[in-house]
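Peer 1: Compute the structure for the input listed below.
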Amino acid sequence: MPKKFTDPDDIAEDIIRDVGTNLVVGLPLGLGKANHIANALYARAAADRTINLTFFTALTLEKPRPRSLLERRFIAPVIDRLFGGYPDLAYAGALHAGALPTNISVIEFFFLAGKWLHAPFAQQHYISANYTHASSYLLARGLNVVMQLVAKRVVDGETRYSLSCNTDTSLDLLRARAEGRASFKVYGQVNSELPFMPGAGDLAASEFDALLDSPETDFPLFAPPAEPVSDTKYAIGLHAATLMRDGGTLQIGIGQIGDALAQGLIVRHRDNARFREIMQRLSPGAEPSALETATFEKGLYGVSEMLTEAFIGLIEADILKREVDGVALHGAFFLGPKSFYRALREMTPDRLARIQMMPVSFTNELYGDEAAKRRARVDARFVNNAMMATLMGAAVSDGLEDGQVVSGVGGQYNFVAQAFALAGARAILTVEATRQGKARTHSNVRWNYGHLTIPRHLRDVTVTEYGVADLRGKSDADVIAAMLGVADSRFQSELARQAKDAGKLPKSFEIPADKRENFPERIKAALRPAREAGLLPSFPFGSDFTDTEQRLIPALQALQEAQRSPLQLPGLLWQGFTRTPDTADVECLARLGLDRPKTLSERAYRALVSAALVRSRAE
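Peer 2: Next comes the predicted model:
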């Protein structure tokens, strides 16, 4: 039976005593890190340079760090409310400060998006890896310790422990140990908020060498609040929703586009006539027969490396209901808001049994029981995000052309490969057509780019807010034409010129008339009736933000956009100084401590926020 500890320092000493001073530690991706044990080991190694400590992990979670006055006043109470009590990882702070001891290394294969840009140590020690390859890289480096956050419960007098949020690589590592291909010790930290998930991650106590279990080391789970879904993201999600076949299989990636897609599917199922109306307004030139718009009678089966709150919404809407061996959803890890964790904890046993956590080798690959996976994953649609796409169908999802890593490839390549290996499957990469720079708008559809995540020979389906580009099996010229059709019209002419200059597009080619109206204003107008009817709410699956905070978010976003164009600020200032805020606006200003400004700076901020509240409502 495992040794039991209540003090992190004691379990850290036990690890060093049992394993030695050369520690190669695997920490799960994201939520499942045993923070207190990791911090205690870090402190021991920082104090004793004879200890060599390597953390191999991914997606190091950190609390938001506000910068400006408005950011601090808005987000600080949210941080206290949602992240208060969450123990920061000591190694992350040292990395940011450039103060990591020389005997300690931190190696990640997936970054929290944008968090480690221009951080030399993190960039230099990053390993580019498919999610499914991470466990083999760990074993090759001599992994000797696995530490994980676990849930606990007693069943018929026996204490069981669940890997819960991170079966992903942990189960693959445990299988390697059981088969004699690896030798390492497993340490768990019990957390009372972690849902006890059924399935392969439900382990006997004998699988652990030691456990940290104490009220003093219990902590609230990291719970990033859901972000509001913009018109752009809703348009992308709705277009993607017309690609899902009833009776098919669904995988969704991280972020608001996944929420938008799920809400689009819910509207399609619950209010089918309105869904068709929305799509007619959004894509007036599309051929209706080419779209999947029927309700879900057979339902969908979910198999996704990431289990998100959107999947719970699809289960509740009776869309995710096609079962494989009694299971409607297989996932490998999860991360989300507090309401998501609570929903999992409070599910009835029979309902929770329809959600099974599996290793990433199951969700992301066909190897192993391939025949059964092929039978299950019919008409699969793998939906993942990209930052940019080229006119010839390649995708840029994880890094910049100067080598800086933004996030990581994760499972994206795995799912693209599955889409080509499975009959009837498609890989859908979603891209916002533009992004806003400091002074101008940039196209995310590029002629070419110096870094690629998915090469053009694996091009399949690209979706922007302006529509769907079906690229599989098409010639380069046809692919370029399709990509031009979903690019923002402000950039189409220059992109077409570049393709023609390279000899990849006929000189006589012209962008069709119905594709020349790809402007944000058209998208906003197309979605406005559905927005006003409540079909496309900013937070489709609920929000941890208060009502006042939800009113403030679009205003602060409008102010942020105005700051990129300094000529707009004087107008906002004048508007703010010359209007009297209504009661709701006063509540918003009070939330930021601007209802009774004491300084000239606060008076200016009050005016700007007041005007931005008006602007955001008008939009």
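Peer 1: Quick check: end-to-end length of stretch 52-70?
Peer 2: End-to-end distance of stretch 52-70 (C-alpha to C-alpha, to the nearest Å): 42 Å.
Peer 1: From the chain's centroid, how far away is that stretch?
Peer 2: Stretch 52-70 sits 16 Å away from the centroid of its parent chain (C-alpha atoms, centre = their mean, to the nearest Å).
Peer 1: quick one: buried residues of it?
Peer 2: Under the neighbour-count criterion of 16 or more other C-beta atoms under 10 Å, stretch 52-70 has 53-61, 63, 70 buried. Placement of C-beta: from N, CA and C, glycine included.
Peer 1: what ranges do the helices span in the stretch 201-350 of the chain?
Peer 2: Applying DSSP state H, counting those that start in this stretch to the stretch 201-350 of the chain gives helices spanning 231-241, 256-270, 272-282, 309-316, 338-346, 349-352.
Peer 1: Could you export those helices as CSV, including distance to residue 556 and mean neighbour count?
Peer 2: Below are the helices of the stretch 201-350 of the chain laid out as CSV (distance: least, C-beta to C-beta, whole Å; neighbours: other C-beta atoms under 10 Å):
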stretch, distance to residue 556, mean neighbour count
helix 231-241, 17, 26
helix 256-270, 17, 24
helix 272-282, 27, 17
helix 309-316, 23, 23
helix 338-346, 22, 18
helix 349-352, 38, 11
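Peer 1: So for residue 289, which of those sits nearest?
Peer 2: Of all the helices of the stretch 201-350 of the chain, helix 272-282 sits nearest to residue 289, with 12.2 Å by C-beta to C-beta.
Peer 1: check which helix or strand covers residue 598.
Peer 2: According to DSSP states H and E, residue 598 maps onto no helix or strand at all.
Peer 1: what does the one 5 residues further on give?
Peer 2: Under the criterion of DSSP H and E, residue 603 resides in helix 600-618.
Peer 1: and that helix, how far out from the chain's middle?
Peer 2: Chain-centre distance of helix 600-618: 31 Å, with C-alpha atoms, centre = their mean.
Peer 1: can you give me the mean pLDDT across that helix?
Peer 2: Averaging pLDDT along helix 600-618 yields 89.
Peer 1: now do stretch 328-340
Peer 2: For stretch 328-340, mean pLDDT is 96.
Peer 1: Show the contacting residues for the spatially most central residue of the chain.
Peer 2: Centrality entry for the chain: nearest residue to the mean C-alpha point is residue 254, 2.4 Å, by C-alpha atoms, centre = their mean. Going by C-beta atoms under 8 Å, 6 or more residues apart in numbering, residue 254 touches 306, 308, 385.
Peer 1: if you set the cut-off to 6 Å instead, what comes out?
Peer 2: By C-beta atoms under 6 Å, 6 or more residues apart in numbering, residue 254 lies in contact with residue 306.
Peer 1: can you list contacts of the helix holding residue 603?
Peer 2: Here helix 600-618 makes contact (C-beta under 6 Å, 6+ apart) with 554-555, 558-559, 572-573, 575-577, 581, 585, 589, 594, 597.
Peer 1: helix/strand/coil for the residue lying closest to residue 55 once chain neighbours are set aside?
Peer 2: The shortest distance from residue 55 to any non-neighbouring residue, by C-beta to C-beta, 6 or more residues apart in numbering, is to residue 106 (4.9 Å). Classification of residue 106 using DSSP: H, G, I helix; E, B strand; the rest coil returns strand.
Peer 1: ok, now how distant is residue 106 from residue 89?
Peer 2: 9 Å (C-beta to C-beta, to the nearest Å).
Peer 1: try residue 46
Peer 2: Using C-beta to C-beta, residue 46 is found at 13 Å from residue 89.
Peer 1: Burial check on residue 154, number of neighbours?
Peer 2: 8 (other C-beta atoms under 10 Å).
Peer 1: for residue 48, same thing?
Peer 2: Residue 48 sits with 13 neighbouring residues when counted by other C-beta under 10 Å.
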